[in-house]
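**Q** Below are the sequence and a predicted model; questions follow.
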Protein chains: 2
Amino acid sequence: MDNLELIKQISITSPSKIVLLVIDGLGGLPHPKTGKTELEMANTPNLDKLAAKGICGLIDPVGPGITPGSTPGHLALFGYDPIEYNRKIGRGVVEALGIDFDLKPADIAARGNFCTIDKAGLVTDRRAGRISTEKCTELCKLLNEIKIEGVKLFVRPVREHRFAVVFRGEELSPEVSDSDPQQTGVAPKAVKALNPQADMTANIANEFIAQARAILAKHHPANMVLLRGFSRKPNLPTMGEVYKLKPAAIAAYPMYRGLAKLVGMQLLKTGPAITGEFDALKQNYADYDFFFLHIKGADSAGEDGDFDRKVKTIEEIDKALPALTGLEPDVIVVTSDHSTPALLKGHSWHPVPVLLYSKWCRADRVGEFSETACILGGLGRLSATQVMPLAMANALKLAKFGA
Amino acid sequence: MDNLELIKQISITSPSKIVLLVIDGLGGLPHPKTGKTELEMANTPNLDKLAAKGICGLIDPVGPGITPGSTPGHLALFGYDPIEYNRKIGRGVVEALGIDFDLKPADIAARGNFCTIDKAGLVTDRRAGRISTEKCTELCKLLNEIKIEGVKLFVRPVREHRFAVVFRGEELSPEVSDSDPQQTGVAPKAVKALNPQADMTANIANEFIAQARAILAKHHPANMVLLRGFSRKPNLPTMGEVYKLKPAAIAAYPMYRGLAKLVGMQLLKTGPAITGEFDALKQNYADYDFFFLHIKGADSAGEDGDFDRKVKTIEEIDKALPALTGLEPDVIVVTSDHSTPALLKGHSWHPVPVLLYSKWCRADRVGEFSETACILGGLGRLSATQVMPLAMANALKLAKFGA
């Protein structure tokens, strides 16, 4: 039985409240000079106090050794099998979510690359020399003017050479192949219908590509487009259905708002600053029983390889924490969707510290929130998908299983 | 592959002996005044000595966050997937097992409630004001006199408003619906056949209900019955088949005797006292190679919210332990089917301490049997279904897997 099915059978509604604080990219690696990770270098008296009262451990978002993208990382935290459900979310949809595009249920989204082709029409650079985001935005405006009968088109810039294209119309199908050949020295592929019902969509996609090629002819190196990951918004079970929660999301970045929306959370208005997110929590605290509070800064600093900025971001979050703990939620979980060690300048496979506090958590002896201290925590090493069942249990929102 | 299938392939018979001591409801939560759990408060020199010689850890009976009933809790300890196999054991069978009723393979058992109906026949109380067990016993005697052609009936009291009814006859089927509407303000439902082969059983059940209603008319508030969970004894693989063991159960409470019987254990005679159970172990020690020794008291004390009584029960068990260790079994496992913290007055989701001793256990540094100490144990945090394979391996009863 799917884990969500079991939880659905035993979850109950109650007035207790859960706050899931996700410090994106939290986990790190020790700096060679100090032997301490970003989290261990940071001065975090409030997190440490919470760790002392709570129970700690380490979670694997997908599995030991697997470096997760943001999508599987968050799916797991929400309790959804990250491999099974990630497969249901196409690349086009991820891209559209990432720019906060309001996808309708029948829309078909694709991920686009600006690329370079030579005179023979062969791809010489799949990323068009990584043109600037400004250039990308300018070119997307041109492509957004393309007209194709029977379909409405939306072409939106993402970053550098990346864009998203959304096809809105009747009887479109995501069952079409990529035009991106995933290699240079060959021509872009024609988009093909993977079943007869998708013929029209394939024709529309090829027509879009042909018009784009004509428009871009004078814009070398971005003189062609490659499309992949045609997909439709998946129909995931919502957190309302599974957990019987009334869930809300506080996230400044579009990608995470999109992921929260996919699992049925209400998106709350928030400013981009950390304190703004905590303010949003306070303002909406009475109206929901589950809050996903996502903070991006530590991940961005990690991606930039900026150890010190990541340390500072963590300290900033720690300083803001009393605004959360002061609300006295029944259950507080602090964790992350993956590690982003500044030394690796990117996401990594390292397990992520997790801290759970509730009146019923059976506190362990961990008195500090850090990668090293969490090794000895009472939660041990868990799959990230087990965080939500634990939070629900600690909120006394799960009935007994079996007689 | 089902875990049992793998074990079945590699299990071997040998003279070594395993004792699985289940201290029902063992796990607890720290008392606010002392910061110590029931097990941590208890003076347990013998368990601590065994922990020092053995290897410890924490087990999740069903999964992190899931509070198990006794059935899934024990299935997991016996090595059976608690979700998969719990589904095969109907509510009626659980109830019949719980009162030590000798279910035959073709019998159909149902769980019964005495309930209250008003003059219009609508249910006003699904539990008849929780009548006393004495009253229930008296009414069951009346219902036990009901005669229906072609079937033999057994009506047996359980506790308060609860009873079990067993239908014995030819060609009966468990594929019938409940009469219990699971709500008040509506009439009890007619029992319906879920397939044509079950027509006769549905008719018999409805005839039983009609006669019961006539008999109970003058016994307000217990003036009607509700039946649910019609089921037949499931055909589980036995521990003899899977582990090639000759297993015996020592349990004073009917429910646990019933569960042990379902997996093919021989039930041994025992008195209700803790020392009586250890005596039964000694008397039968030569005749079996696996003993499931179940002690109920700690769970009952936890359910009653009686922290001190739970502490005392654990101390009593510790005092009796030398009777077990003196037999020098090759493998001793001490654990539980779930936690029952006195502070929660019921089963809980918290992982359960486990201690395994054998000559080959690779002892860790844990020198005390407690929730907190077990966090640092060499077994780590395991699924309860992994206890039996570990016990079998330590008894040198599992051959190498693969070449």
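**A** Sure, I can see it.
**Q** Closest residue of chain A to chain B?
**A** Scanning chain A for the residue nearest chain B gives A:Pro389, at 3.1 Å (criterion: CB to the nearest CB). From N, CA and C alone the C-beta is placed, and that goes for glycine too.
**Q** where's that residue relative to B:Leu259, distance?
**A** Distance, A:Pro389 to B:Leu259, by CB to CB, to the nearest Å: 25 Å.
**Q** so the nearest residue to A:Ala212 once chain neighbours are set aside is in which element?
**A** Distances taken as CB to CB, 6 or more residues apart in numbering or on different chains put A:Val225 closest to A:Ala212, at 4.8 Å, once the chain neighbours are dropped. Using DSSP states H and E, A:Val225 sits within strand A:224-231.
**Q** can you give me the offset of that strand from its chain's centre?
**A** Here strand A:224-231 shows a centroid-to-chain-centroid distance of 21 Å under the convention CA atoms, centre = their mean, to the nearest Å.
**Q** Next: stretch A:375-393.
**A** With CA atoms, centre = their mean, you get 20 Å for stretch A:375-393.
**Q** Report the buried residues of that stretch.
**A** Within stretch A:375-393, the residues scored as buried using 16 or more other CB atoms under 10 Å in any protein chain shown are A:377-393.
**Q** And it, end to end?
**A** Using CA to CA, to the nearest Å, the end-to-end distance of stretch A:375-393 comes to 22 Å.
**Q** just stretch A:69-87 next, same as before
**A** 13 Å.
**Q** Mind splitting chain A into its structural domains?
**A** By the assignment in automatic domain parsing, chain A contains the domains A:3-84+A:237-394, A:93-231.
**Q** need those domains in JSON lines with distance to B:Val155 and mean pLDDT, can you?
**A** Below are those laid out as JSON lines (distance: least, CB to CB, whole Å; pLDDT from 0 to 100):
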{"stretch": "domain A:3-84+A:237-394", "distance to B:Val155": "30", "mean pLDDT": "97"}
{"stretch": "domain A:93-231", "distance to B:Val155": "54", "mean pLDDT": "96"}
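**Q** winner for burial among those?
**A** Stretch with highest mean neighbour count among the domains of chain A: domain A:3-84+A:237-394 (a mean of 21; mean count of other CB atoms under 10 Å in any protein chain shown).
**Q** Stretch A:31-48 spans what distance, first to last residue?
**A** End-to-end for stretch A:31-48, by CA to CA: 21 Å.
**Q** Chain neighbours aside, what residue packs nearest to A:Lys53?
**A** Nearest one to A:Lys53, counting by CB to CB, 6+ apart, is A:Tyr357 at 5.6 Å.
**Q** quick one, longest helix in chain A?
**A** Identified as the longest helix of chain A according to DSSP state H is helix A:199-216.
**Q** Counting by contacts, list what it packs against.
**A** Applying 3 or more CB pairs under 8 Å, 6 or more residues apart in numbering or on different chains; DSSP states H and E, one finds that helix A:199-216 contacts strand A:108-117, helix A:133-143, strand A:162-169, strand A:224-231.
**Q** Let's verify the residue nearest to A:Gln211 when sequence neighbours are not counted: helix, strand, or coil?
**A** With sequence-adjacent residues excluded and distances taken as CB to CB, 6+ apart, A:Gln211 is closest to A:Ile146, at 4.8 Å. For A:Ile146, the assignment made with DSSP: H, G, I helix; E, B strand; the rest coil gives coil.
**Q** OK, contacts around A:Ile146?
**A** A:Ile146 makes contact with A:153, A:155, A:208, A:211-212, A:215 under the criterion CB atoms under 8 Å, 6 or more residues apart in numbering or on different chains.
**Q** rewinding a little: verify the stated contact: the residue nearest to A:Lys53 with A:Ala52.
**A** No - if you go by CB atoms under 8 Å, A:Tyr357 and A:Ala52 don't touch, sitting 9.6 Å apart.
**Q** A:Ala248 pairs with what?
**A** Assessed by DSSP bridges, A:Ala248 has beta-bridge partners A:Gln266, A:Phe291.
**Q** how about the residue lying closest to A:Ser339 once chain neighbours are set aside, phi and psi?
**A** Leaving aside its chain neighbours, A:Ser339 sits nearest to A:Gly27 (2.8 Å; criterion: CB to CB, 6+ apart). Main-chain dihedrals, A:Gly27, degrees, to the nearest 10: phi -60, psi 150.
**Q** now A:Lys152
**A** The phi/psi pair for A:Lys152 (degrees, to the nearest 10) is phi -100, psi 140.
**Q** same check, this time on the one 5 residues further on
**A** For A:Pro157, the backbone dihedrals are phi -70, psi 150 (criterion: degrees, to the nearest 10).
**Q** Next: A:Ser358.
**A** Dihedral angles of A:Ser358 (phi, psi; degrees, to the nearest 10) stand at phi -160, psi 170.
**Q** Give me the nearest residue to it, chain neighbours excluded.
**A** Spatial nearest neighbour of A:Ser358, chain neighbours left out: A:Asn394 (3.7 Å); criterion: CB to CB, 6+ apart.
**Q** With A:Gly54 instead?
**A** A:Tyr357 (3.4 Å).
**Q** Specify the beta-bridge partners of the one you found.
**A** As for beta bridges, A:Tyr357 partners with A:Ile332 under DSSP bridges.
**Q** how close does it get to B:His350?
**A** 15 Å.
**Q** same question, A:Gln266
**A** 32 Å.
**Q** A:Met224 too?
**A** Computed with CB to CB, the distance linking A:Met224 and B:His350 is 59 Å.
**Q** Ok, A:Met388 next?
**A** A:Met388 is 17 Å from B:His350, by CB to CB.
**Q** Same question for A:Ala248.
**A** For A:Ala248 relative to B:His350 (CB to CB), the value is 29 Å.
**Q** May I ask you to confirm that A:Ala391 is in contact with A:Pro329?
**A** No - between A:Ala391 and A:Pro329 there is no contact under CB under 8 Å: 10.1 Å.
**Q** Need the residues touching each of those two.
**A** A:Ile18.
**Q** first to last residue in stretch A:268-275, what's the distance?
**A** 15 Å.
**Q** hmm, who's touching that stretch?
**A** The contact list for stretch A:268-275 (CB under 8 Å, 6+ apart) reads A:248-252, A:276-277, A:279-280, A:284, A:295, A:297, A:313, A:316-317, A:320, A:323.
**Q** same thing with stretch A:118-125?
**A** Contacts for stretch A:118-125 (CB under 8 Å, 6+ apart): A:115-117, A:181, A:183-188, A:221, A:224, A:226.
**Q** show me where chain A has strands.
**A** For chain A, strands defined by DSSP state E occupy the ranges A:18-23, A:55-60, A:108-117, A:123-125, A:151-159, A:162-169, A:224-231, A:247-251, A:266-267, A:290-295, A:331-335, A:352-358, A:380-383.
**Q** Just send these back as JSON lines, with distance to B:Met41 too.
**A** As requested, these are exported to JSON lines (distance: least, CB to CB, whole Å):
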{"stretch": "strand A:18-23", "distance to B:Met41": "30"}
{"stretch": "strand A:55-60", "distance to B:Met41": "20"}
{"stretch": "strand A:108-117", "distance to B:Met41": "59"}
{"stretch": "strand A:123-125", "distance to B:Met41": "70"}
{"stretch": "strand A:151-159", "distance to B:Met41": "59"}
{"stretch": "strand A:162-169", "distance to B:Met41": "60"}
{"stretch": "strand A:224-231", "distance to B:Met41": "57"}
{"stretch": "strand A:247-251", "distance to B:Met41": "39"}
{"stretch": "strand A:266-267", "distance to B:Met41": "45"}
{"stretch": "strand A:290-295", "distance to B:Met41": "35"}
{"stretch": "strand A:331-335", "distance to B:Met41": "26"}
{"stretch": "strand A:352-358", "distance to B:Met41": "22"}
{"stretch": "strand A:380-383", "distance to B:Met41": "24"}
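**Q** Please consider this matter closed, and thank you.
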